[in-house]
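[1] need the 3D shape of this:
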Amino acid sequence: MKKGRKPGILPGSAGDVPYFQRIDIYRKITFGSPRTTVPFFGIHFAISATVDEEVAMIRRVKKGQGLTMVELVITLAIIACLATLMMPGLGRWLSHYRIKSTAGDIASCFRLAQMAAVQRNQTASVRFNTNNGSVEVLDGGGATIRTIVLSQYKAQFNGLDFVDQGGDGIISITYNTRGIPSDEAGNPIGVPGGQNGERVFLKNNRGEGYWVEVSPVGNVRYDRV
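    Numbers count the residues shown, from 1 in each chain. Down below sits the predicted model:
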């Protein structure tokens, strides 16, 4: 502030009329009603809102800063109702996702065993244990490469086309060094009617089913029953 200027007084104003009084006079002369003006380098720019409108706007903003207890309870009740309606559909989707993931992971086990046999130039196998619901990928030395437990997916076996040579519920599919699979008896994978190979069947607690199929040349695919 320059020397001699009083606080709140416009420079060069006759009679040193206070700044805010000058603004009010300007509003009345220019618009016929008090309107807001914005000073910018000594020039006053008017905006459209009246003082009453500004006050009402401020009150609305202050009023909308939070929720009342009634509004909060109503909001929570609506959320609870929506969650209740969505739960059955969410449960069905989750069950379907799990059984599909189970089939996809078992298909990956077949591919992993095939790849290990070819790359390591030794046999590899996929072993199904129907007694405890597990799937293992084993290398030629019997070391475990990967294990899947069906209970973690909330799934279970629902039948296998593969031969259970020992009748003990443990079934192995072995890949030779060329990646060609065979059953426990050393026979090539068969092709049951209407299929491209032998299958592992799976189901979940909702009765949804998937199968995983291995062809005689080692191709793997899976789909919904």
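[2] domains of the protein?
    With automatic domain parsing as the criterion, the domains of the chain are listed as 15-85, 98-224.
[3] for G91, find the nearest of these.
    Comparing those against G91 with Cβ to Cβ, the closest turns out to be domain 98-224 (8.5 Å). The way it works is simple: take the backbone N, C-alpha and C, and place the C-beta from them, glycine included.
[4] grab the nearest non-local neighbour of R92.
    R206 (7.1 Å; Cβ to Cβ, 6 or more residues apart in numbering).
[5] W93 is in contact with the one you found, correct?
    No. If you go by Cβ atoms under 8 Å, R206 and W93 don't touch, sitting 11.0 Å apart.
[6] pLDDT below threshold where in the protein?
    Filtered on pLDDT under 70, the chain yields the residue ranges 1-67.
[7] host element of the residue nearest to R92?
    If you go by DSSP states H and E, R206 is not part of any helix or strand.
[8] give me the number of residues near it?
    By the criterion of other Cβ atoms under 10 Å, R206 has 13 neighbours.
[9] with respect to burial, which of the domains of the chain scores highest?
    Comparing the domains of the chain by mean neighbour count (mean count of other Cβ atoms under 10 Å), domain 98-224 comes out on top with a mean of 17.
[10] ok, now how distant is V217 from T177?
    Going from V217 to T177 by Cβ to Cβ, to the nearest Å gives 14 Å.
[11] just to be sure, Q156 is in a strand?
    Yes. Checked against DSSP: H, G, I helix; E, B strand; the rest coil, Q156 lies within a strand.
[12] please enumerate the strands of this structure.
    Ranges of strands in the chain, per DSSP state E, are 35-40, 43-50, 124-129, 134-138, 144-149, 155-160, 170-175, 181-182, 198-204, 209-214, 220-224.
[13] so which of the ones you listed comes closest to I74?
    Checking the strands of the chain against I74 by Cβ to Cβ gives strand 43-50 as the closest, at 32.5 Å.
[14] who does the longest helix that the chain contains touch, helix- and strand-wise?
    Longest helix in the chain, counting residues (DSSP state H): helix 69-120. Using 3 or more Cβ pairs under 8 Å, 6 or more residues apart in numbering; DSSP states H and E, the elements in contact with helix 69-120 are strand 124-129, strand 134-138, strand 144-149, strand 155-160, strand 170-175, strand 198-204, strand 209-214, strand 220-224.
[15] partner strands of the first one, with direction?
    Pointing back at strand 124-129 there. In the sheet, strand 124-129 lines up against strand 134-138 (antiparallel), strand 170-175 (antiparallel) (DSSP bridges).
[16] next, the distance between the ends of stretch 146-164.
    By Cα to Cα, to the nearest Å, the extent of stretch 146-164 from end to end equals 21 Å.
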